[in-house]
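*Asks:* Give me coordinates for this.
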Amino acid sequence: MENKYLVPDIARMNYRPYENLQSFSIALRRSRSAFSLIARIRSVWDKTFLWVAMVTEGADLVRRLQGQRSKRRFFFTHFAAGFDDVTPEMVALASDALTKFEQDFRTPELHGFGNIRGWAFDSPSDWLSQHSSDLMGHWAVLSEFLFAVFAKSSTQWSSFD
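*Replies:* Numbers count the residues shown, from 1 in each chain. Okay, the predicted model is just below:
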């Protein structure tokens, strides 16, 4: 999700979000795209928590997980020693990465009206160091964790079987 794909070149050269409606519109588009990815990444984590709970310990653990105020905290505490092919180090890395992800990107927009992060209004010279590289870095941690979680999953069955 690099900025050059979100904003046409000509608009990038003229991007001044506080000066005109077109630039403000671009800022909102950047914000919507980033928040969409943020919400989807967090949704993948929640589904992973439920899947691991169901596969490793069954419906009782799923009920306990669903009853928790913080599913993230419960999951990473309960599985701190690892499970299947997922080592304790991988669990700790994933926990730290998700905590940082939520501190840096998750705002109340997932639970109400929310707000727009300031980087949506940064100027083009700042775009190289903006949100997309951090989001992709988190995606890499999530992907590695998912690879380990699903290492023993059968590729011969699907949800349609």
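*Asks:* As a check, name the ranges of all helices in this structure.
*Replies:* Using DSSP state H, the helices found in the chain span residues 3-6, 9-13, 21-57, 59-66, 71-78, 88-104, 131-149.
*Asks:* Give me the residue ranges of the protein where confidence is low.
*Replies:* Applying pLDDT under 70 to the chain picks out residues 1-18, 107-133, 154-161.
*Asks:* JSON lines for the helices of the chain, including mean neighbour count?
*Replies:* C-beta: built from backbone N, CA, C; applies to glycine. JSON lines is the format used below for those (neighbours: other CB atoms under 10 Å):
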{"stretch": "helix 3-6", "mean neighbour count": "14"}
{"stretch": "helix 9-13", "mean neighbour count": "11"}
{"stretch": "helix 21-57", "mean neighbour count": "16"}
{"stretch": "helix 59-66", "mean neighbour count": "14"}
{"stretch": "helix 71-78", "mean neighbour count": "17"}
{"stretch": "helix 88-104", "mean neighbour count": "16"}
{"stretch": "helix 131-149", "mean neighbour count": "16"}
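*Asks:* Residue 81: neighbour count?
*Replies:* By other CB atoms under 10 Å, 9 other residues sit near residue 81.
*Asks:* Give me the phi and psi for it.
*Replies:* When read as degrees, to the nearest 10, the backbone of residue 81 gives phi -80, psi 0.
*Asks:* which residues sit in contact with it?
*Replies:* 88, 91 (CB atoms under 8 Å, 6 or more residues apart in numbering).
*Asks:* any idea how far residue 47 is from it?
*Replies:* Going from residue 81 to residue 47 by CB to CB, to the nearest Å gives 22 Å.
*Asks:* Next: residue 141.
*Replies:* Look at residue 141 and residue 47: by CB to CB, they are 16 Å apart.
*Asks:* and what of residue 62?
*Replies:* Distance, residue 62 to residue 47, using CB to CB: 12 Å.
*Asks:* for residue 139, same thing?
*Replies:* The gap separating residue 139 from residue 47 is 15 Å, by CB to CB.
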